[in-house]
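Asks: coords please:
(2 chains)
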Amino acid sequence: MKAIYLKEMRSYFHSLAAYIYFALFIAATGVYFSVICMSYGYTDYAQYVFSNSTILYIVIVPILTMRLFAEEKKQRTDQLLYTSPIRSGSIVFGKYLASVTLLAISMLVSIIEAGVLSMFGNVNWKTVLTGCLGYFLLGACLMAVGMFVSSLTDNQMIAAALSFAVVLFCMLLPNISNVVPGRARYTYIVCVLAVILIAWFFYDETKNVKITAGVGVAGIAIIAILSKVKPALFDNGLSKIIDWFSVLDRFNDFCSGILNASSIIYYVSFIAVFLFLTMQGIEKRRWN
Amino acid sequence: MIEVKNLVKDYGKHHAVKDISFSVPDGQIVGLLGPNGAGKSTTMNIMTGYISATSGEVKIGGYDILEQPIQAKKLIGYLPEIPPLYEDMTVAEYLNFICDLKGIRKKTEKESSINEVTEAVKISDMKGRLIKNLSKGYKQRVGLAQALIGNPPLLILDEPTVGLDPNQIIEIRALIKSLGQKHTIILSSHILSEVNAICDYVLIIDKGTLVAEDTPEHLSEDFSDTDNINMSVKGSREQVEEVLKVSEYIRDYKIIDEKDGIVDVQAKTATKEDIRDNLFFEFAEEKLPIIKMERESLSLEDVFLKLTGQDVEEVESEAKKASEQIEKQGHHGFSFKRKKKADSKGTEQAETAEEDK
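Replies: Just a heads-up that it's a prediction; the model follows:
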């Protein structure tokens, strides 16, 4: 894992990626910092700088993650990695740690900015630190998604465009959740569609009609039982489902200085799921 | 060292590898021979754990490549068809990374390992160069160096000499041959002379199946039911033909040349036995001195073409047709260019005529 980690770090700093990232991050946070904090004199760093610059991830995530796996595939160096005596888990983890390290380094910049601010006024360090943690965890989640996207293709541009779209979608999710219809029957429709989709996925993978039918029937049965036992679950169900995936919602707690264990666990498990998916993607490639 | 059992690999409906089994003992150099698309690279990719077989098993040094991948992969040095190089690294950085990957941690160990390997493939003076600036031959060598790092007992080399110039090919072949003293080597190739020159044992693969395996010498012998005898006889054409016609040892013959009272003949023997003694006496009876005589077995090339279902003459005539086609096109292209030039500037005509020569 260390070998992969060091190699990725090296390649970040040998290519422009790391420098573009730092430049973007410092420019964006710097603008908010100098305008809101320094000029207008607000000391609530987390609330003003971090909340406003989450939009930065739409650009940062593709820059840092697009090449992680796509380039290996393109250059055929994946053949080297997968035939070396190291586990695919170490490869995924090493690469992920490298991308997250850059994120962590940029958090130091924020702490320095907050330090400068503290010379002129009262900075609430607790909110700054929780804000840092939240901003970092949010980024780490999106990086995991970006890395997963990169493992799907051998074209960096496609990886970048896809992860741009995915991160943008994540950013817009809170707004989407506000406008989806709340009536229960829409929830049913979406759930049934999801079951059909899952069943189709099973059919595509196994080409076995029995398994497909089994999955479909089981899914519909679960929906039917739930609708009888706990109908309340389906009221406003769509926005509930969307909120599960809304990484941005939980971030706001951190900015107001609330360190919520459930949010941290949410982020960590979100990351774990995508690292797992990336690993599975790599393993699956061998069988195709 | 390697045991491959009933290996099958399907890509959807396409069967890339169909039920291949073989084993390679320690210390042998084995050639995997086959036309393009026969399944050589697929087999190698499965053996190294890059892709998985649809069914069948591969054991490297007793370790199953699927169940104990780490132990098995530790024994392998693999040079894929396209050397897996990070273009933005220098050779030294790259090899350093490979050491890390293969679990060589100590600095002194790393250094000695890198020095050893770079000397073996003769890239010591390229260590500081960026890989992307290296020529194809050097890239191939860096790829080979990568496989050699950590001194793995088994080397799997996928077309190691492809894209090299003739000098380099000879060098790399010699290197592989010398490596064969300490390592077990599997190499794939579609160049027959290469396999003939380097390998102790040959596996011939065609359309995903193993069609033959043996030493190169045995293969040549087993698949030929006749030998060729090339000889030069002092005498006239008629005299020589008379002897050959009545000889029971000769099935067929061809007069190749007749010059200064010496006739060159290529004869096909009726059986597989060495009949040179008998021929000598037959010609001696007629007082026709044999100046030169040699026996020639079927070449590996012939065996290969035979096994892969191609006919030597067919292939040759096809190749001839293709080259004629190219020549024709080339000629058209040139005459067109010439006309154009002649039209625009009469004075340039002399120049183009020179080019023509």
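Asks: quick one, domains of chain B?
Replies: What the TED database lists as the domains of chain B is B:1-220, B:224-293.
Asks: Nearest to chain A, out of those?
Replies: Closest approach to chain A among the domains of chain B (CB to the nearest CB): domain B:1-220, 3.2 Å. The C-beta positions use only the backbone N, C-alpha and C, and glycine is treated the same way.
Asks: Please indicate which of the domains of chain B has the most neighbours on average?
Replies: domain B:1-220 (a mean of 19; mean count of other CB atoms under 10 Å in any protein chain shown).
Asks: Near chain B, which residues of chain A are found?
Replies: When proximity is defined by CB under 8 Å from any CB of the partner chain, chain A lies next to chain B at A:2-4, A:6-7, A:10-11, A:14-15, A:75-87, A:285-288.
Asks: now the domains of chain B as TSV including distance to A:Tyr32 and mean pLDDT?
Replies: Conversion of the domains of chain B to TSV gives the following (distance: least, CB to CB, whole Å; pLDDT from 0 to 100):
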stretch	distance to A:Tyr32	mean pLDDT
domain B:1-220	34	89
domain B:224-293	83	84
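Asks: could you dump those to CSV with distance to chain A?
Replies: Output for the domains of chain B, formatted as CSV (distance: least, CB to the nearest CB, whole Å):
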stretch, distance to chain A
domain B:1-220, 3
domain B:224-293, 39
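Asks: I'd like those domains as CSV, with distance to A:Ala232 appended.
Replies: Formatted as CSV, those follow (distance: least, CB to CB, whole Å):
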stretch, distance to A:Ala232
domain B:1-220, 47
domain B:224-293, 85
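Asks: for those domains, which one sits closest to A:Asn178?
Replies: A:Asn178 lies closest to domain B:1-220 among these, at 45.0 Å (CB to CB).
Asks: next one: the closest one to chain centre, how far?
Replies: Offset of domain B:1-220 from its chain centre (CA atoms, centre = their mean, to the nearest Å): 14 Å.
Asks: Let me see the contact set for residue 52.
Replies: You didn't pick a chain, so chain A it is. Residues near A:Asn52 by CB atoms under 8 Å, 6 or more residues apart in numbering or on different chains: A:32, A:36.
Asks: ah, I was thinking of chain B
Replies: A:286-287, B:46, B:66.
Asks: Helix or strand: which one has it?
Replies: For B:Ser52, there is no helix or strand it lies in under DSSP states H and E.
Asks: B:Lys74 and B:Lys102 touch, don't they?
Replies: Yes. The pair B:Lys74 and B:Lys102 qualifies as a contact (CB atoms under 8 Å) at a distance of 7.5 Å.
Asks: intersection of neighbour lists for these two?
Replies: Contacts common to B:Lys74 and B:Lys102, judged by CB under 8 Å, 6+ apart, are A:85, B:150.
Asks: Keep only those of the contacts of B:Ser52 that are in helices.
Replies: A:286-287, B:46 (DSSP state H).
Asks: Mind telling me which residue of the stretch 251-357 of chain B is nearest chain A?
Replies: Proximity to chain A, evaluated over the stretch 251-357 of chain B using CB to the nearest CB, is greatest for B:Thr308 at 27.1 Å.
Asks: Just give me the neighbour total for that residue.
Replies: Residues near B:Thr308, counting by other CB atoms under 10 Å in any protein chain shown, number 18.
Asks: Now do the contacts for the nearest residue to it once chain neighbours are set aside.
Replies: For B:Thr308, ignoring the flanking residues on the chain, the nearest one in space by CB to CB, 6 or more residues apart in numbering or on different chains is B:Asp206 at 4.4 Å. For B:Asp206, the contacting residues are B:34-35, B:38, B:307-309, by CB under 8 Å, 6+ apart.
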